[in-house]
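Novice: Here's a sequence, model it:
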Amino acid sequence: MRPLSPLLVQTASIATAPFCEQRVAEHVMAFVKARRHLRAEVDAAGNILIEQNARVSASKGATRWVFAAHMDHPGLRVARVLGPDRLEADFFGSVAGSALKKAAVRFFDGDKEITGKVTSITRLNRRKMPTRVRVRMDGAVGVGALGMFDLPAGKIRGNRFECRVCDNLAGVAAGLQMLDQLGPSRLQAPVALLLTRAEEVGFVGAMAAMRLGTLKPDDHVVVLECSSESTATRRGAGVVVRVGDRSSVFDPQLSAFFTRQAAKLAKRDKTFAFQRALMSGGSCEATAYAAAGLQAGCICVPLGNYHNMTADKRAIASEQIDVRDWKNWVKLLVAIARHGGEIAQRPDSLQADLARLYKRYERRLYATSSRKGLSIIPVANLGKK
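Specialist: Model prediction:
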């Protein structure tokens with residue numbers, strides 16, 4: 001089993017962008033090939049589903065747990081070469097024009113890495129976000145070459161991990177590390193890791209996974225994300241049970257289960273810390289899955305410099321997460337995977353607590369009820385005029 005931090009650094013340092021995730025996919029397939037207890041399938045959209053070869057100890061038909069992370073990050077793809085040192089590139093992902101204009105970029109074309117600088121934004125979408133730019137290059141690259149912001153690869157400084165990509169290759173690394181730690185062990189329920197494409201342009205890889213049947217309607221889906229930190233969720237304060245995003249609230253049963261597992265971990269592991277919050281800084285794939293009727297939740301880590309934008313959205317900088325949060329992320333994912341079968345074996349703890357309170361006070365409630373002088377309205381007539 002690889003140490004945690006090197007796997008994070010190695011995975012997050014890979015060049016990627018929407019529709020240009022091949023380098024990440026190659027890294028993932030090499031990871032799977034080196035582990036006899038894993039197998040991988042690639043669907044028609046290029047999403048990767050990794051499952052264990054090991055038998056599970058669950059009863060026949062146990063619900064599968066699918067942990068999902070996307071392989072892309074806001075970036076560029078060369079659309080037209082305008083000259084030996086000029087090109088036009090499509091830009092994919094939500095980055096403010098104030099940060100993107102004049103940004104330094106780096107293109108990856110085969111074994112070549114060529115730097116350049118954005119000179120103008122030539123197209124915006126309906127949300128006024130850049131979708132095409134012109135770039136002056138320090139060398140020639142071909143149509144289709146992948147481009148990113150010219151920022152350093154992954155580096156750990158104390159407890160801080162900074163990289164040109166945390167969202168969401170840190171999530172990919174966490175999912176791979178989870179599978180590594182589970183090994184060939186027998187589990188209560190089947191476990192899989194789904195790695196999707198083109199999340200940054202609107203969850204299109206995730207939607208393809210549902211349309212193609214890569215995800216099943218009865219799967220429990222656990223989305224892994226890096227989400228913009230806020231005053232309520234700070235880096236270093238722990239992994240986050242994310243109960244919702246800007247667009248929706250996630251499945252309450254899954255969120256309650258995640259919280260129970262996190263609380264158990266915190267009791268036996270004094271280094272484990274977690275938070276629970278609705279993080280409204282953006283939307284994640286859990287919203288897409290929930291909208292399609294799947295049971296979906298999210299476990300994430302707080303992210304600094306979301307989409308490489310500084311807080312004022314006027315400059316480009318490395319994304320940042322806390323290494324302790326990432327390690328606790330892996331711990332919680334492993335716990336959920338190992339105890340996934342328990343979600344169907346016991347009622348939600350809140351529901352059970354409320355039922356006990358009702359039973360305790362039910363007789364007192366009715367014994368102290370006074371209807372004298374009150375006009376009794378049959379329940380069937382409530383709300384009628």
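
Novice: Give me the contacts around whichever strand or helix holds Leu179.
Specialist: Leu179 is located in helix 169-182, with elements delineated by DSSP states H and E. Residues from elsewhere that reach helix 169-182 (CB atoms under 8 Å, 6 or more residues apart in numbering): 1-2, 4, 7-8, 10-12, 14, 16, 24, 28, 31, 35, 38, 50, 52, 67, 69-71, 73, 161, 163, 191, 193, 195, 224-226, 300-301, 321, 326, 329-330, 333-334, 337-338. Where you see a C-beta, it was placed from the backbone N, CA and C, and this is true even at glycine.

Novice: Just confirm Ala145 contacts Phe108, I think it does.
Specialist: Yes: contact status for Ala145 versus Phe108: in contact at 6.5 Å, counting by CB atoms under 8 Å.

Novice: in the sheet, who's paired with Val105?
Specialist: Gly116, Phe149 (DSSP bridges).

Novice: circling back: drop anything exposed from the contacts of helix 169-182.
Specialist: Neighbour counting over these (16 or more other CB atoms under 10 Å) leaves 4, 7-8, 10-12, 14, 16, 24, 28, 31, 35, 38, 50, 52, 67, 69-71, 73, 161, 163, 191, 193, 195, 224-226, 300-301, 321, 326, 329-330, 333-334, 337-338 as the buried ones.

Novice: In strands only, show me the residues you listed.
Specialist: 38, 50, 52, 67, 69-70, 161, 163, 191, 193, 195, 224-226, 300-301, 321 (DSSP state E).

Novice: confidence score at the closest residue to Cys20 other than its chain neighbours?
Specialist: Ranked by CB to CB, 6 or more residues apart in numbering and with sequence neighbours excluded, the top spatial neighbour of Cys20 is Leu146, at 4.0 Å. Turning to Leu146, the model gives it a pLDDT of 98.

Novice: Any figure for the gap between Leu146 and Asp138?
Specialist: Per CB to CB, to the nearest Å, Leu146 is found 16 Å from Asp138.

Novice: likewise Gly238?
Specialist: Going from Gly238 to Asp138 by CB to CB gives 43 Å.

Novice: I'd say Glu88 and Arg134 touch.
Specialist: Yes: using CB under 8 Å, Glu88 is in contact with Arg134, at 5.3 Å.

Novice: what's the burial count for the closest residue to Ala273 other than its chain neighbours?
Specialist: What sits nearest to Ala273 in space, not counting adjacent residues and going by CB to CB, 6+ apart, is Gly238, at 3.3 Å. Neighbour count for Gly238, taken as other CB atoms under 10 Å: 23.
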